[in-house]
Each structure stands twice: as C-alpha cells, then as structure tokens.
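Peer 1: This is a predicted model, with the sequence first.
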Amino acid sequence: MRVTHLQLTDFRSYEVVDVQFGPGVTTLVGRNGQGKTNVVEAVRYLSTLSSHRVASDAPLIRFGAQRAVIGAKVNKAGRALSLEVTLVPGKANTARLNRGNAKPRDLIGIVRTVVFAPEDLSLVKGDPGGRRTFMDELCVALQPALAGDMADYDRVLRQRSSMLKTAKNARGDLTMLDIWDEKLAGLGGRIVAARRRAVRALAPYVATAYADVAPDGGDCAVTYATSLDHGEGRDDYYVEPMAPDASAADIGQRLLERLIELRPKEIDRGVTLAGPHRDDLEIRLGAMPARGYASHGESWSCALALRLGSYDLLTAEDGPDSDDDGEPILILDDVFAELDLGRRAALAARLVTASQVLITAAVADDVPTALAGDVVTVAGGKIERENEL
Ligand SMILES: Nc1ncnc2c1ncn2[C@@H]1O[C@H](COP(=O)(O)OP(=O)(O)O)[C@@H](O)[C@H]1O
Ligand SMILES: [Mg+2]
C-alpha cells in the first residue's frame, strides 16, 4: 500500500502544504528544523492516530491555530481511498473516509506504517512502557478492532485503581471491586492473548532481521513476559506458566485469579498489580537480556531488527497478493547517518522491493544515491521535488 497525496493544514510547522508521493523511495532532505519529520509524522498519525514523537496531540496543531487537518489519498490493493482527520485541542478527533463522516477509530489500520527513528533506542534501553506501546501498535496493525479493547482497558484500569484507593479507607463493601475485576480480566485477557500471538508471530522475523543487521552478533530472541506468570508475590514459589495457546478467556480467568490473590496488596498500595499494563516484551541477545547488557551498537541493531521484523511480519500477514495489501509504508526518520554499511545493506534489500519508503535526512549524501529514489527538498515550510512525478 502507499500514500499518493498528503495535504496538511495547520499541522506542526505547516500552514498549508500539499505533497504528492510516488511509489518506491522518497527522500526528504533539508536542514534541521525545516519540517521533514513533521511530514512523515503526519503519515504515521493516520495509521495509528498517534505520533511517534509525542504522547499528546496538542503539539501537532500549529502553534496559535485552532485545529489541524491531515488529509491523504491512499492506494491500497489497487483501490483509491481518501482519509481525513481533524485534531482539535481538548476535544475528540473527527474523521472522514471517502468524503463521508467516519469514526476516527475506523481509520486505524487502513494506512499501515513502520517507523524507525532515533527514539527507538529506548525500545531496547528504556522502560517497559515503550515496549508495551510497540506491542500494542503491532497488535492493532494486525487486528484494528483491538484499539477499542485497549482504550476500554485503560479506562477500566483507571477506574479500578481509583476504587482501590478509596477501598483502603472505606474498609468494607468491596462488591464494586468484584465488578471492576471482571471487566478488567475480560479486556486484559483479550489484550494479553493478542500480544502473545503477535510476539510469537514476530519472533522469527526479528531473529532473521537481527542476523541481517548484525551478522556476527549472535541470536536475538523476543518473548512475552507477563505479570500473570511472574512478578509481585510470585518470586518465591513455582507457578505453572500459561500454555502457549491459552485462549483469551483462559487468560482472563487467570488474571481474575491473580487479582484475587493480590487484592490485599493492591488495596494497601492503591494500584493494580497484574494485567497487560504490567507486562513486558523481553529481548534477549544470546542468553542475556538486551536491556542493561547490550552495547550501544547492539541496542541499535536490536531496535532496527524490531522495526524491520514488524515490517516483514505485516507484509507477510497480509501479503501484497491478498486483497488487504498489508505491506506497510516504511518510514526511516533521520536514521541513515547513523547506519553503518552493514545495516544500510540490510535495509537496501527491503528498500528496493518495498511499495513505499519515506526517508528523512539532513544531508543528501547520507543516503546512498542508489537508494534515495525521488528526492524532495524541505525548507522554510515549502516542499519541492527535483523531478516532476
Ligand atoms: N505545533 C507547532 N507549531 C509550529 N511550529 C512547530 C510546531 N511543532 C513543531 N514546530 C516547528 O517545526 C520544526 C521542527 O520540524 P521537524 O519536522 O521536526 O524538523 P526536521 O526537518 O529537523 O525533521 C521546528 O522548527 C519547530 O519549531
Ligand atoms: Mg527530524
């Protein structure tokens, strides 16, 4: 799939901008701060309704403007679609699909993107939150309906946690907590099941990508680490791990039992101690965990392997031959200068066959001419291409 046309109004630094993209590679070149990342961030926003740089939408709206609009024309499995989303600070987004009003959530998953950016180093080195987001975005790309479960889970978790805080003082009626436990377990079971499936499907692709990126680097393995098997109060006795093929209902039941077991601690501390929000993606290089052990270069290779692995999984899951045309748009934001020859070679193989790749670079020479494709200059809020499409 690919984006053929992007129109931004009051998005980030752009008042109005209109840019067309051809198939294959487009490289956006321009000095720092000229608005290259802003363009690819808009494409990425359409795929997940979130940015790869900031958690809230406010900075996406041009400073001083009332709203931002991202519009795009997309070519998917030979069909032309038009998508539009309007961001208004403090209010829900509105959306249009093929000129009709749509729920913003209905846009999720139409455009698929895989973004590799310098921030991705924190996937390997940072806290579990970033890795949970990584898994959740992969799950939603594979199964867009999960976005609803995830939003519901966050809401139920917040409500349950505030109930736990009051329960400590109220001492007594905990029947309401039972109801929230049921809701949390139902949604949590579905999310954990989806993440376990996604991670299992991803693992071989990450292993292959890592071997491409770091040929002398040993094996890279990713697995799902869950608070339903381990953690809080579980370190001192053995618990049979969940079966690999446990259903969402089985996992939900297990979460429910875990919540009952943890309840006194939870009331004492006022937080929910088990569930998908306490889980992690475990990344290992050989026998050692990547986090805390891997060198800077190894961490960088791991991060790249996670992204390339996702790209390959999404491409395979809904291959170009199927109606769904799952191949994502590959976005490489400001990473080329950091890549050595080996890593560039690992990318090059994918760049030549990909339907669409968007690269940003401060210096054109950082991207080998053979890979740069269609070169577009970004300067002073204007986007100009070297060759007409
Ligand atoms: N909401 C906003 N309103 C106006 N300008 C913004 C907004 N957000 C970011 N900018 C400006 O956009 C520029 C950064 O653009 P970016 O695409 O990140 O640059 P680069 O070309 O280095 O990738 C900065 O000059 C910043 O001030
Ligand atoms: Mg940038």
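Peer 2: All right, it came through fine. Ligands and ions are numbered 1, 2, ... in the order given.

Peer 1: Next up, the contacts around Gly270.
Peer 2: Gly270 sits next to Ser161, Leu164, Lys165, Lys168 when contact means CB atoms under 8 Å, 6 or more residues apart in numbering. No exception for glycine: its C-beta is placed from N, CA and C like everyone else's.

Peer 1: mind checking the SS state of the residue nearest to Gly189 when sequence neighbours are not counted?
Peer 2: The shortest distance from Gly189 to any non-neighbouring residue, by CB to CB, 6 or more residues apart in numbering, is to Gly252 (2.6 Å). Secondary structure of Gly252, reduced to three states by DSSP: H, G, I helix; E, B strand; the rest coil: helix.

Peer 1: Could you report the pLDDT at Gly252?
Peer 2: At Gly252, the model reports a pLDDT of 97.

Peer 1: related to what we said a few turns ago, between the contacts of Gly270, which is nearest ligand 1?
Peer 2: Ligand 1 lies nearest to Ser161 out of these, by CB to the nearest ligand atom, at 32.0 Å.

Peer 1: Against Ile179, how distant is that closest one?
Peer 2: With distances taken as CB to CB, to the nearest Å, Ser161 is found 14 Å from Ile179.

Peer 1: So the two - more neighbours on which side?
Peer 2: Ser161 (16 against 11; other CB atoms under 10 Å).

Peer 1: who in the stretch 51-200 of the chain is up against ligand 1?
Peer 2: Pro59, Ile61, Arg62, Phe63 (CB under 6 Å from any ligand atom).

Peer 1: Return the closest of those residues with respect to Asp333.
Peer 2: Pro59 (16.1 Å; CB to CB).

Peer 1: how close does the closest one sit to ligand 2?
Peer 2: 14 Å (CB to the ion, to the nearest Å).

Peer 1: ok, and the most crowded of the contacts of Gly270?
Peer 2: Leu164 (21 neighbours).

Peer 1: Point out where the protein drops to low pLDDT.
Peer 2: Counting by pLDDT under 70, the low-confidence segments of the chain come to 170-173, 231-238, 319-324.

Peer 1: At which residues are the helices of it located?
Peer 2: 36-48, 104-107, 121-125, 128-142, 146-170, 175-213, 248-269, 296-317, 341-353, 369-372 (DSSP state H).

Peer 1: Is there contact, residue-wise, from the first one to ligand 2?
Peer 2: Yes - Helix 36-48 lies in contact with ligand 2 when judged by CB under 5 Å from the ion; the contacting residues are Thr37.

Peer 1: do that helix and ligand 1 meet at all?
Peer 2: Yes - part of helix 36-48 sits near ligand 1 under the criterion CB under 6 Å from any ligand atom, namely Lys36, Thr37, Asn38.

Peer 1: Quick check: buried residues in that helix?
Peer 2: 36-48 (16 or more other CB atoms under 10 Å).

Peer 1: Repeat that for the second one.
Peer 2: For helix 104-107, burial by neighbour count (16+ other CB under 10 Å) applies to Pro104, Leu107.

Peer 1: same for it, what does it pack against?
Peer 2: Applying 3 or more CB pairs under 8 Å, 6 or more residues apart in numbering; DSSP states H and E, we find helix 104-107 packed against strand 79-87, strand 94-97.

Peer 1: what's near enough to touch Arg12?
Peer 2: Contacts of Arg12 by CB under 8 Å, 6+ apart are Gly35, Asn38, Glu41, Ala42, Pro59, Leu60, Arg62, Ala68.

Peer 1: Just put these in a markdown table and tack on distance to Val363.
Peer 2: Below are those laid out as a markdown table (distance: CB to CB, whole Å):
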| residue | distance to Val363 |
| --- | --- |
| Gly35 | 16 |
| Asn38 | 18 |
| Glu41 | 20 |
| Ala42 | 23 |
| Pro59 | 26 |
| Leu60 | 26 |
| Arg62 | 27 |
| Ala68 | 29 |
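
Peer 1: From the buried residues of helix 36-48, pick the one nearest Ile331.
Peer 2: Closest to Ile331, out of all of the buried residues of helix 36-48 and judged by CB to CB, is Val40, at 4.9 Å.

Peer 1: And the residue nearest the centre of this structure?
Peer 2: Glu137 (3.7 Å; CA atoms, centre = their mean).

Peer 1: is it true that that residue touches Ser51?
Peer 2: No - taking contacts as CB atoms under 8 Å, Glu137 lies outside contact range of Ser51: 11.8 Å.

Peer 1: Perfect, that will be all.
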